[in-house]
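*Asks:* Provide a 3D model corresponding to the input given below.
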Amino acid sequence: MKWQDFPKNKQTGRLSHDFPIGRCEIATLENQPWMPMHTHNFDELVFVLGGSAVHIIDDEEYPIIRGDVFVVRGNHKHGYSNEKNLNIANVLYQRDFFESLKFEYAELTGFNALFVHEPLYRKKHKFKSKLHLNSQQLQKMAQLLRFMIAEQNDVWAGTSALNEHLFNIIVINVCKFFTEFKSPKPKALLKVSAAIDFLEQNYDKPISNSLLANKADMSHGAFRYSFKKITGLAPIDYLIRLRIEKAADIMAKNNRIRVIDTAFKTGFENSAYFTKKFKEIIGMTPMAYLKKQRSMIG
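*Replies:* The predicted model follows:
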């Protein structure tokens, strides 16, 4: 489901969705140049999977980058500006469904903080209390989101139940991550986001710590410290993981591609090193991954 498919009241800027296949669904927005201000008849859990932007909500502006996760209540007017390769996934859910979750997970540490208190006190906290996932956490959530998209696209009698089950798993995980998260300083976040944007657009090229520190306009030491605090990884480790994620995506889309060609396409000069890192991060060798993709096609 794409955002442009949603019915919209042009006078009020209100998006509507009648949830034809259950009480929660997933919608994506990728590389859309501008998302106008709007409200909607549902709430959403937003995952920033790539790029950056300024999120405008209730007349306040907040920078967002890859890894950010936050809740938007339907009656809060919001939109996006200054998008740079923005890629987001939104898990939409009805209010009555949320109330049932609220009853079930009221005692779950992080649930009220993320779903109730952060949206309520956003202006006071200046969005500093939003969740930011490190690279490993983001990869785990991206897998769940991709699974939800695949199941939603293959509509059958059990789609609604599967969506709700997956949403429950997603909620439990983000609550756990929220309790572990320590918010970085906003200025450091903004500077590191410039380096992350550069990495996402140039991951297949030679990149050094010095180059990234310059992109962030920080000293090498401050940059390495801030980058790891925000992403959970050292800059070069982040780059390797990003390359492997891109490689997996390339092979998923073209399961006939050679492993060595995938390695070169994603910035690896040594196919043996590529295979080693791929297995560490994905859990199987590139060849096994390709065979798995082929078997899924049939």
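*Asks:* List the buried residues for stretch 288-298?
*Replies:* The neighbour-count check on stretch 288-298 (16 or more other CB atoms under 10 Å) flags 289-290, 293 as buried. Backbone N, C-alpha and C define where each C-beta goes, glycine included.
*Asks:* again with stretch 120-135
*Replies:* Across stretch 120-135, burial judged by 16+ other CB under 10 Å covers 122, 127, 129-135.
*Asks:* out of the buried residues of stretch 288-298, who's nearest residue 258?
*Replies:* Nearest to residue 258 out of the buried residues of stretch 288-298 is residue 290 (CB to CB; 9.0 Å).
*Asks:* distance of that closest one from residue 147?
*Replies:* 20 Å (CB to CB, to the nearest Å).
*Asks:* cool, residue 257 as well?
*Replies:* In terms of CB to CB, residue 257 sits 23 Å off from residue 147.
*Asks:* And for residue 248?
*Replies:* Following CB to CB, the distance that separates residue 248 from residue 147 is 14 Å.
*Asks:* Between these two, point out the one with more neighbours.
*Replies:* residue 248 (19 against 14; other CB atoms under 10 Å).
*Asks:* Give the other helices and strands that the one helix or strand the more buried one maps to contacts.
*Replies:* Assigning secondary structure by DSSP states H and E places residue 248 in helix 235-253. With contacts defined as 3 or more CB pairs under 8 Å, 6 or more residues apart in numbering; DSSP states H and E, the packing partners of helix 235-253 are helix 135-153, helix 186-202, helix 209-216, helix 220-231, helix 259-265, helix 271-282, helix 286-297.
*Asks:* Can you flag the weakest of those helices by average pLDDT?
*Replies:* Lowest mean pLDDT within the helices and strands packed on helix 235-253: helix 186-202, at a mean of 78.
*Asks:* residues in contact with that one?
*Replies:* Outside helix 186-202, the residues that touch it by CB atoms under 8 Å, 6 or more residues apart in numbering are 50-52, 63, 65-66, 84-85, 126, 128, 132, 184, 207, 212-213, 215-218, 222-223, 226-227, 229-231, 235, 238-239, 242.
*Asks:* Stretch 97-111 too?
*Replies:* 23-24, 43, 112, 115-116, 164, 168, 171-172, 174-179.
*Asks:* if you set the cut-off to 10 Å instead, what comes out?
*Replies:* Stretch 97-111 is contacted by residues 19, 22-24, 42-43, 45, 71, 73, 93-95, 112, 114-117, 131, 164, 167-168, 171-172, 174-181 when judged by CB atoms under 10 Å, 6 or more residues apart in numbering.
*Asks:* Please pick the buried ones from the contacts of helix 186-202.
*Replies:* 50-52, 65-66, 84, 132, 184, 207, 212-213, 215-216, 218, 223, 226-227, 229-231, 235, 238-239, 242.
*Asks:* ok, now how distant is residue 158 from residue 196?
*Replies:* Here the criterion is CB to CB. By it, residue 158 lies 38 Å from residue 196.
*Asks:* With neighbour numbers in mind, choose between these two.
*Replies:* residue 196 (25 against 10).
*Asks:* okay, now residue 269: neighbour count?
*Replies:* 9.
*Asks:* Confirm it sits in a strand?
*Replies:* No - per DSSP: H, G, I helix; E, B strand; the rest coil, residue 269 lies outside any strand segment and is coil.
*Asks:* Quick check: chain neighbours aside, which residue is closest to the residue nearest in space to the middle of the chain?
*Replies:* In the chain, the centroid-proximal residue (CA atoms, centre = their mean) is residue 49; its distance is 2.8 Å. Leaving out its chain neighbours, the residue that sits closest to residue 49 by CB to CB, 6 or more residues apart in numbering is residue 87, at 4.6 Å.
*Asks:* Let's verify the one you found: helix, strand, or coil?
*Replies:* Quick answer, by three-state DSSP: residue 87 is strand.
*Asks:* What distance do you get for it to residue 207?
*Replies:* Counting by CB to CB - residue 87 and residue 207 are separated by 20 Å.
*Asks:* residues touching residue 214, list them.
*Replies:* Residue 214 neighbours (CB under 10 Å, 6+ apart): 194-195, 198, 208, 220, 223.
*Asks:* go on, residue 215?
*Replies:* Per CB under 10 Å, 6+ apart, neighbours of residue 215: 191-192, 194-199, 202, 207, 223.
*Asks:* And residue 78, what's its pLDDT?
*Replies:* Confidence score, pLDDT, at residue 78: 92.
*Asks:* That one contacts residue 58, doesn't it?
*Replies:* Yes - if you go by CB atoms under 10 Å, residue 78 and residue 58 touch, sitting 7.4 Å apart.
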